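**Student:** Predicted model follows, preceded by the sequence.
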Amino acid sequence: MGENVVRIPDYQNRKFKLWRTDNLIEQGITATHLRLRDRFSMPRYQAGRVVFSSFVHQIERYLRRHPDMQFDYPRNRARAFIYLLPGIRSWSLFMPGGFATHPVHNPDIKRLHSGKRIDYLTRNLFRHSLDAVGLRSRSYAMSWYAVTATAHITKRPVRWLSVAAGTGYPTFEAAELLRQQPRITLSDINEEALTVARHLAEERGIGESVTFELADATKKGEFARLITQSRPDVIDMMGLVEYLADDVIVMLMRTFYAKAPHGATLIFTNMRPTHPHLQTHQRGLGWPGVQVRTIASVAKLLHKAAIPEESIEVLLPDDQVYGIYCIKKP
């Protein structure tokens with residue numbers, strides 16, 4: 001869809017607008033292409049978006065001209081240039097956890113978890129780099145899908161389980177869009193992140209609706225326990241699956257399909273090889289641990305987990321950074 005085409009969004013709220021642009025079958029599963037825009041796409045930010053997107057694009061071009069240059073290579077000028085920024089140096093100490101993604105989800109934050117001030121250039125990278133745009137887009141897509149999937153639940157609060165929740169920010173933002181405050185269970189392996197999540201919940205006035213679980217869902221029996229305990233209508237695994245080995249992913253998917261209540265929805269993400277600044281992400285910034293997967297690769301894992309194709313939908317934002325996979329248990 002061209003930027004100049006005027007069309008009423010399929011969904012909008014105070015945070016973002018969403019248009020469905022295509023609905024296709026890819027690798028046997030439904031692929032819904034989305035156009036997503038938030039306030040950082042507005043005209044007042046256009047000059048900054050052009051400048052900072054161009055900055056990252058030049059780094060990407062440099063790295064593509066040097067395909068064998070790894071992140072820790074001494075003469076990696078892309079890495080050296082990025083890490084000239086004091087904010088990036090301080091922020092990178094939190095990669096890849098929730099304390100790193102939190103200020104990207106909410107670039108209005110003025111300080112990192114360490115207390116270090118976020119400088120002007122770093123803040124604008126949090127607003128305008130494709131890594132940042134894609135991170136927010138996957139959150140918006142998850143929010144929209146969860147609202148749609150639970151629209152029929154009107155006589156009780158929605159039950160929501162967030163796995164590898166970090167500070168809980170994307171889950172809290174999505175929860176605000178529901179008709180009433182859901183019952184949320186936040187689980188993570190990082191106790192400090194859960195402490196911050198508890199403070200955020202209290203600041204929002206929803207502390208009594210949130211349960212906190214220190215748990216590693218990838219350990220045998222833990223995901224099943226969390227599901228049995230919370231009986232969720234929605235499970236989000238934002239930013240977990242792309243760090244896991246294939247066999248662990250298959251185990252989690254099988255557990256969901258075996259243990260989740262009928263009608264429950266699981267939403268997870270995986271970075272795509274179409275990410276326009278993938279080399280910058282991997283070899284310039286050096287974000288650790290992400291396993292990039294094609295739609296075909298994820299579909300193969302879901303098939304191995306015996307998830308029916310008709311139960312799967314993948315959401316594809318137009319920034320091309322992430323695929324957001326949604327599984328509905330009949």
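**Tutor:** Ah, there it is.

**Student:** In stretch 238-247, which residues are buried?
**Tutor:** Met238, Gly239, Leu240, Val241, Glu242, Tyr243, Leu244 (16 or more other C-beta atoms under 10 Å). For every residue, glycine as well, the C-beta is placed using N, CA and C.

**Student:** for stretch 48-65, that is, sorry about that
**Tutor:** Buried, per 16+ other C-beta under 10 Å, within stretch 48-65: Arg49, Phe52, Ser53, Phe55, Val56, Ile59, Glu60, Tyr62, Leu63.

**Student:** Does the second one belong to a helix, a strand or coil?
**Tutor:** Looking back up the chat, that one is Phe52. The local conformation at Phe52, judged by DSSP: H, G, I helix; E, B strand; the rest coil, is helix.

**Student:** From Met237, how far out is it?
**Tutor:** Distance, Phe52 to Met237, by C-beta to C-beta, to the nearest Å: 30 Å.

**Student:** next one: the fourth one
**Tutor:** Counting by C-beta to C-beta, the separation of Phe55 from Met237 is 32 Å.

**Student:** Could you export stretch 15-23 as PDB, CA atoms only?
**Tutor:** Extracted in PDB, the C-alpha atoms of stretch 15-23 (Å, rounded to 0.1, in the frame of the first residue of the first chain):
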ATOM      1  CA  LYS A  15      -0.700   4.100  20.400                       C
ATOM      2  CA  PHE A  16      -0.900   2.800  16.800                       C
ATOM      3  CA  LYS A  17      -2.800   2.300  13.600                       C
ATOM      4  CA  LEU A  18      -3.100  -1.000  11.700                       C
ATOM      5  CA  TRP A  19      -4.100  -1.800   8.200                       C
ATOM      6  CA  ARG A  20      -4.400  -5.400   6.800                       C
ATOM      7  CA  THR A  21      -3.000  -5.200   3.300                       C
ATOM      8  CA  ASP A  22      -2.900  -8.900   2.100                       C
ATOM      9  CA  ASN A  23      -4.100 -12.200   3.300                       C
END
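
**Student:** model confidence over it, on average?
**Tutor:** Mean per-residue pLDDT for stretch 15-23: 96.

**Student:** Okay, strands next: where are they in the protein?
**Tutor:** Assigned by DSSP state E, the chain shows strands spanning 11-12, 16-26, 29-38, 159-163, 183-188, 210-214, 234-237, 265-271, 312-317, 322-328.

**Student:** of these, which approaches Pro67 most closely?
**Tutor:** Closest approach to Pro67 among the strands of the chain is made by strand 265-271 (18.5 Å; C-beta to C-beta).

**Student:** what lines up beside that closest one in the sheet?
**Tutor:** Strand 265-271 sits in its sheet next to strand 234-237 (parallel), strand 322-328 (antiparallel), going by DSSP bridges.

**Student:** Can you lay out the buried residues of stretch 238-247 as JSON lines showing pLDDT?
**Tutor:** Listed next are the buried residues of stretch 238-247 as JSON lines, based on pLDDT from 0 to 100:
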{"residue": "Met238", "pLDDT": "94"}
{"residue": "Gly239", "pLDDT": "92"}
{"residue": "Leu240", "pLDDT": "97"}
{"residue": "Val241", "pLDDT": "98"}
{"residue": "Glu242", "pLDDT": "97"}
{"residue": "Tyr243", "pLDDT": "98"}
{"residue": "Leu244", "pLDDT": "98"}
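
**Student:** Closest one of those residues to Lys219?
**Tutor:** The shortest approach to Lys219 among the buried residues of stretch 238-247 belongs to Leu244, at 12.1 Å (C-beta to C-beta).

**Student:** how far away is that closest one from Phe268?
**Tutor:** As for Leu244, its distance to Phe268 is 10 Å (criterion: C-beta to C-beta).

**Student:** Isn't Ser41 up against Val50?
**Tutor:** No. Checked against C-beta atoms under 8 Å, the pair Ser41 and Val50 is beyond contact range at 11.8 Å.

**Student:** in this structure, which spans are helices?
**Tutor:** Assigned by DSSP state H, the chain shows helices spanning 46-65, 77-82, 86-92, 98-105, 120-128, 130-149, 169-175, 191-203, 222-230, 246-259, 278-279, 295-304.
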